[in-house]
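Trainee: Fold the following for me, if possible:
(one chain, ligands or ions: 1)
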Amino acid sequence: MVYSHIFSLNQKVAIVTGAARGNGKAMAKGFLEAGATVVIADINETQLGKTHKELQEDGEVFPFPLDIADESAREKLVTETLRKFKKIDILLNNAGITFPSEALKYPEEMWNRIYQVNLKSSFHLCRLAGKVMLENRSGSIINITSLSTDLGFPNNSAYSTFKGGLKALSKSLAAEWGPFNVRVNNLCPGYIVTDMTKKAYDDPKVQAARAEKTLLKRWGRPDDLVGAAIFLASPASSYITGQDIIIDGGWTSNGL
Ligand code: NAI
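Mentor: Numbers count the residues shown, from 1 in each chain. This is a model prediction of the structure:
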C-alpha cells in the first residue's frame, strides 16, 4: 500500500454549494488544489462570478448560479454537472443562512425559508447526487452543521432546529448508503469569521467572549475548515461515515 496520494482528489468531481464566499469558497479552493473539478453554486451571482475568476488559477472550476431553495434549479445543477463531467464524487452542502430572532416573535416566513435553504435543499441534493453515487458504488457527502445542534443557542430556533435535522439526516443516509460505499459525514464549525458572523465579530465584547470559550483562544477562519473537508472528501477517510468532525478550536471540550 502506498499512502502518498490518500488526500488527493485527482479525477474527482465535486459540487460545493454556497461557494461564492466564506467557508464554501475556502473549501472549494481546497478541493481544487487537491485536484478535483469543482462546480461552485451560489445565489449571489456577482460574487460567484468574482470567485470563479479567482479560483480559475487553482484548477477546473465551473460556476452555477441558483437559489438552492428552488427544486428545479437543484435538478439542473445536478443534470448539468453530469452532462459536463459524467459523475459526481463529492457533494458539499454548505449553503446556509441564519435569522436571529426571539422564539416568541419568530417570523414564520423566515422559519420556512431557513427550512428550505438549510435542510430541505440539502436533503434533495443528497438524493440527486446520492443516486449517482449509489450507482457508482462510491461517493462522499459532507453536510455543514453547527455547534447549535448540541448546545443551546438562544434567539436562533430555526437555525438550530434545521442544522440539528441536517446532522440527523447525515447519520440516517450514512446508515442507508454505507453498504454501497457512499459515505455521509457532518463537518461542524465553531465560530468562523465570515460575512455571516461579521456583526458579532465586529463587536469587541462578543468577539472576545467567543474567543475565550475556545481552547485556542481565537475565532476560526474559513481556512481552518479546509483540511477536514479534503480529508472527508478523499480516500484518507475511506472508513469514516456517519460522523461529526467538530472544528471549534476546542470550544466543546472547554470544561473545568
Ligand atoms: P456566508 O453568509 O459568508 O456564506 C454563505 C454562502 O451561501 C453565501 O455565498 C451565500 O450567497 C450562499 N447562499 C445563501 N443562501 C443561498 C441560497 N438560497 N442558494 C444558494 N446559495 C446561498 O456564511 P458562512 O459563514 O460562510 O456559512 C457557510 C456555512 O457554514 C453555512 O451553512 C453556515 O450555517 C455554516 N456555519 C457557519 C459558521 C460560522 O461561524 N461562520 C458556524 C457554523 C456553521
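
Trainee: The longest helix along the chain - what's its average pLDDT?
Mentor: When the chain is parsed with DSSP state H, its longest helix is helix 157-177. When pLDDT is averaged along helix 157-177, the result is 98.

Trainee: Could you check how far Tyr239 is from Gly164?
Mentor: 26 Å (CB to CB, to the nearest Å). For glycine as for every other residue, the C-beta is placed from the backbone atoms N, C-alpha and C.

Trainee: picking up where we left off before, output the longest helix of the chain in CSV, but only the C-alpha positions, please.
Mentor: Output of helix 157-177 as CSV, limited to C-alpha atoms (Å, rounded to 0.1, in the frame of the first residue of the first chain):
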residue,chain,number,x,y,z
SER,A,157,-34.5,28.5,17.0
ALA,A,158,-34.9,27.9,13.2
TYR,A,159,-31.2,27.7,12.6
SER,A,160,-30.7,25.2,15.5
THR,A,161,-33.6,23.1,14.5
PHE,A,162,-32.7,22.7,10.9
LYS,A,163,-29.0,22.3,11.5
GLY,A,164,-30.0,19.6,14.0
GLY,A,165,-32.1,18.0,11.3
LEU,A,166,-29.2,18.0,8.9
LYS,A,167,-27.0,16.4,11.5
ALA,A,168,-29.5,13.6,11.9
LEU,A,169,-30.1,13.3,8.2
SER,A,170,-26.4,12.6,7.6
LYS,A,171,-26.5,9.7,10.0
SER,A,172,-29.6,8.3,8.5
LEU,A,173,-28.2,8.4,5.0
ALA,A,174,-24.9,7.1,6.2
ALA,A,175,-26.7,4.0,7.5
GLU,A,176,-28.8,3.6,4.4
TRP,A,177,-26.0,4.1,1.9
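
Trainee: what does that helix rub up against?
Mentor: With CB atoms under 8 Å, 6 or more residues apart in numbering as the test, helix 157-177 has contacts from 93, 96, 98-100, 103, 106, 110-111, 114-115, 118-119, 122-123, 126, 130, 133-134, 139, 141, 143-146, 148-149, 153, 182-186, 188, 241-242, 244.

Trainee: what about Tyr239 and Gly164, which has more around it?
Mentor: Neighbours per residue, other CB atoms under 10 Å: of Tyr239 and Gly164, the larger number sits with Gly164, 16 against 6.

Trainee: Distance of that one relative to Tyr3?
Mentor: Counting by CB to CB, the gap from Gly164 to Tyr3 is 36 Å.

Trainee: where does the stretch 151-256 of the chain come near the ligand, residue by residue?
Mentor: Residues of the stretch 151-256 of the chain lying close to the ligand (CB under 6 Å from any ligand atom) are Pro189, Tyr191, Ile192, Thr194, Asp195, Met196, Thr197.

Trainee: so what's the closest residue to Ala95 other than its chain neighbours up against?
Mentor: Spatial nearest neighbour of Ala95, excluding adjacent residues (CB to CB, 6 or more residues apart in numbering): Gly18 at 3.1 Å. Taking CB under 8 Å, 6+ apart as the criterion, Gly18 is in contact with Gly24, Ala41, Asp42, Ile68, Asn94, Ala95, Gly96.

Trainee: partners of the strand or helix carrying the second one in the sheet?
Mentor: This points to Ala41. Applying DSSP states H and E as the criterion places Ala41 in strand 37-42. The pairing partners recorded for strand 37-42 under DSSP bridges are strand 13-17 (parallel), strand 61-65 (parallel).
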